[in-house]
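Asker: need coordinates for the below:
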Amino acid sequence: MKKLNVLLLAALLLFGAQTTVFAQSKVAHINTTELVSVMPEMKAAEGQLEKLQKTYDTEIKAMTKELQAKITQYDAEAANKTEEENRKRIEEVQGMQNNIGAYRQQALQDLQQKEVDLFQPILEKARQAIQKVARAQGFQYVLDATQGSGVILSDGKDLLADVKKELGI
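Answerer: Sure thing, here's the model as predicted:
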């Protein structure tokens, strides 16, 4: 009976040790912000966004300059105009101001949509490369080590160099 208890205890310990080994997972980390920032596609996308931003800025400045010229002209001529004409001019100026504000809002929305359209494929390419490298190296979990993402300690395998190699950067 004593031998049976010892044998049973040994079997349980062996089974428990194997379960612990199987329960351990391979975990790696990568700073996705750093990865994406060095991708050539990201630099090209940022250039496109910057060019579009400058185009909108130029148009808004031209509209504002035109508005300022009208205000200056109307202020100088206000004394020589009737009350009805001055009221119409004020409405015109307010309409121009509203148009500039609406254009600004539309430009902002267009820029945000363009950013999504440009960055989404880049982020997807990075994600696929990370998954490919992680699977090839047998990792079950990959944590984002970008500052502020919640990873406190990252002593595990850093996949950044391997994913850069996969992407050819």
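Asker: would you map the helices across the chain?
Answerer: Using DSSP state H, the helices of the chain run over residues 2-23, 32-37, 40-77, 83-136, 160-167.
Asker: low-scoring stretches of the protein, by residue?
Answerer: Confidence mapping of the chain against pLDDT under 70 gives the ranges 1-24, 150-155.
Asker: distance to A145 added to the helices of the chain, as a markdown table?
Answerer: C-betas here are computed from N, CA, C, even on glycine. Below are the helices of the chain laid out as a markdown table (distance: least, Cβ to Cβ, whole Å):
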| stretch | distance to A145 |
| --- | --- |
| helix 2-23 | 24 |
| helix 32-37 | 8 |
| helix 40-77 | 18 |
| helix 83-136 | 12 |
| helix 160-167 | 8 |
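Asker: tell me the contacts of the closest residue to Y56 other than its chain neighbours?
Answerer: Ranked by Cβ to Cβ, 6 or more residues apart in numbering and with sequence neighbours excluded, the top spatial neighbour of Y56 is A107, at 4.1 Å. By Cβ atoms under 8 Å, 6 or more residues apart in numbering, A107 lies in contact with 56, 59-60.
Asker: wait, what's in contact with the residue nearest the centre of the chain?
Answerer: In the chain, the centroid-proximal residue (Cα atoms, centre = their mean) is F119; its distance is 7.1 Å. Residues near F119 by Cβ under 8 Å, 6+ apart: 42, 45.
Asker: ok, the residue nearest to A134 when sequence neighbours are not counted to R135 distance?
Answerer: By the measure of Cβ to Cβ, 6+ apart, the closest residue to A134 outside its immediate chain neighbours is V142, 4.9 Å from it. In this view, V142 and R135 are 10 Å apart by Cβ to Cβ, to the nearest Å.
Asker: then D158?
Answerer: Using Cβ to Cβ, D158 is found at 17 Å from R135.
Asker: put the buried members of the contacts of A107 into a ChimeraX selection.
Answerer: To isolate the buried subset of the contacts of A107 in ChimeraX, counting by 16 or more other Cβ atoms under 10 Å, use the following:
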select :56
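Asker: could you single out the nearest of the contacts of A107 to Q147?
Answerer: Nearest to Q147, judged by Cβ to Cβ, of the contacts of A107 is Y56 at 31.0 Å.
Asker: looking at V142 and R135, which has the bigger crowd around it?
Answerer: A count of neighbours by other Cβ atoms under 10 Å puts V142 above the other of V142 and R135, at 23 against 11.
Asker: excluding residues flanking it in the chain, which one is nearest Q140?
Answerer: Nearest residue to Q140, sequence neighbours excluded (Cβ to Cβ, 6+ apart): S25, at 4.5 Å.
Asker: could you count how many residues lie near the one you found?
Answerer: For S25, the neighbour count with other Cβ under 10 Å is 8.
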